[in-house]
Structure formats: structure tokens, C-alpha cells
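Q: Could you work out the structure for the sequence below:
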Amino acid sequence: MNQDNRLNEMLAQMPEVAKAVNAFSSEAVQQRVLEALLSSMGLPKSEISPSRPPATQLEPAVANTGEPRSHGKKRAPSKTILTIVKDLNLKPKGKESLAEFYSKKAPANNYEKFAVFVYYLQRILELAPITCDHIHTCFKAVPLKTPSSLSQQLRNCAHKSGWIDTANAEDVKITTLGENIVEHDLPDKKRSSNAAQPVN
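A: Presented below is the predicted three-dimensional model:
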């Protein structure tokens, strides 16, 4: 086959070559396909694309979603930082202090403590709204260690015991059931009597 016939045959096949190359979205893949096709037609590889180095790795096509690429780093979950409510007076004049009220009710677990604190803030101090910071301040005033994940534990208390209402996290309230617990069931008479019995 002379050079003119070979050139004409190559030109006739170019539309099919272009179609095959354009079927790939990655430039690197297109380059490799083009090199393979032209090489199979007898064109030396050095003449195919002298200005561009051959691709060393096939790149998968990636859809452009407009979102920033993730580099495998996960953001650390944000932690709620509780603060002391400095203007919260827990020793009000003419009223029972929180420390006295807490000692009298003797709550034994966190749920009972939540109910006592919210009751005191809402019914004795007549405070509204009551936030996690207010309850945190109560723990510090008694003093007790504030439970970790306070907001979640308050929600658990509301869900499991029904003593407080956390439908609005920025306005925690005592429920009627919670009022009854604080007013009539604390301190636990059985627990108190058992604690008072001497150990043999």
C-alpha cells in the first residue's frame, strides 16, 4: 500500500477514532485510547502526541457535583459548652435556698436530681425559661459534678420518666408527674428508713 492510499484510509477512519475517544470523559483515558488506536493503524507512538507525555494512570471519570471534595477527614462532633448563670440567685431572701431544698429532698440519682432542680427553679424561684446552663449552675451550687452530655440526659429523663418536659431545650419544665415525685415521694421513705437502720 503506497503512502497516499494509507493516508486516505487513515482519514476515512478518523470519525470512528474520534467517536471512540470522545466516549471517555477523562483526558488521560482519551489520550491512551487515541495512542492505542493510531498505533494500531501503523502510526509510530512518537508521532502521536510529542507535546504531551503519555498517561501513566487511568483516571476514573468523576461527576462534578459542585461540592467541595472530601479528603477523608471527618469533622469532630461539636461539644456543648455549659456556663454558669452568674445572676442566678440560689439563696433568695425569704425563700428556701437550693442547698436546703436539695438536702431535704435527698435525690438519689440523676433523674431525681433533674426533677428537684427544675422544680426548685420553676416553682420556688418562679424562673422561666430554664436552660441547661441553669441546671448546670444548680449542680455546681450544691455542689455536685455535672453529668456529661447533660442535654441528652435531660432528654432521656423526659422520655423515660416523664418528670420533666424537654420539648423546648431552651425552656425545660417540670411536669405534673415530676411535681408529685418531688412534693410527695422525695425523700424516698423506704430508702431513708433503710439507711437509718444500724448495720449488725
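Q: which residues of the protein fall in helices?
A: 3-22, 27-40, 98-105, 110-119, 132-141, 150-160, 176-180, 189-196 (DSSP state H).
Q: Ok, which of those helices comes nearest Glu170?
A: Glu170 sits nearest to helix 132-141 of all those, at 8.5 Å, using C-beta to C-beta. (Glycine included, C-beta is placed from N, CA and C.)
Q: In a markdown table: the helices of the chain, plus mean pLDDT and mean neighbour count.
A: Formatted as a markdown table, these follow (pLDDT from 0 to 100; neighbours: other C-beta atoms under 10 Å):
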| stretch | mean pLDDT | mean neighbour count |
| --- | --- | --- |
| helix 3-22 | 69 | 11 |
| helix 27-40 | 71 | 16 |
| helix 98-105 | 97 | 16 |
| helix 110-119 | 98 | 24 |
| helix 132-141 | 97 | 20 |
| helix 150-160 | 96 | 16 |
| helix 176-180 | 97 | 15 |
| helix 189-196 | 59 | 9 |
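Q: which residue packs closest to Ala99, ignoring adjacent ones?
A: Nearest residue to Ala99 in three dimensions, chain neighbours excluded: Val142, at 6.3 Å (C-beta to C-beta, 6 or more residues apart in numbering).
Q: Can you report phi and psi for the one you found?
A: The phi/psi pair for Val142 (degrees, to the nearest 10) reads phi -70, psi -50.
Q: can you list the domains in the chain?
A: Per automatic domain parsing, the structural domains of the chain span 8-47, 98-195.
Q: If I look at the closest residue to Leu125 other than its chain neighbours, what pLDDT would I see?
A: Among residues not flanking Leu125 along the chain, Pro92 sits closest, at 6.5 Å (C-beta to C-beta, 6+ apart). Note for Pro92: predicted pLDDT of 95.
Q: Count the neighbours of Pro92 for me.
A: 13 (other C-beta atoms under 10 Å).
Q: Pop out the phi and psi values for it.
A: In terms of degrees, to the nearest 10, the main-chain angles of Pro92 are phi -70, psi 140.
Q: Next, work out how far apart it and Leu121 are.
A: 11 Å (C-beta to C-beta, to the nearest Å).
Q: Same question for Ser151.
A: For Ser151, the distance to Leu121 equals 16 Å [C-beta to C-beta].
Q: What of Gly94?
A: Distance of Gly94 to Leu121, computed by C-beta to C-beta: 17 Å.
Q: Look at these two and report which has more neighbours.
A: Leu121 (25 against 4).
Q: Look up the closest residue to that one, ignoring the ones flanking it.
A: Counting by C-beta to C-beta, 6+ apart, the nearest residue to Leu121 once its immediate chain neighbours are dropped is Leu127, at 4.6 Å.
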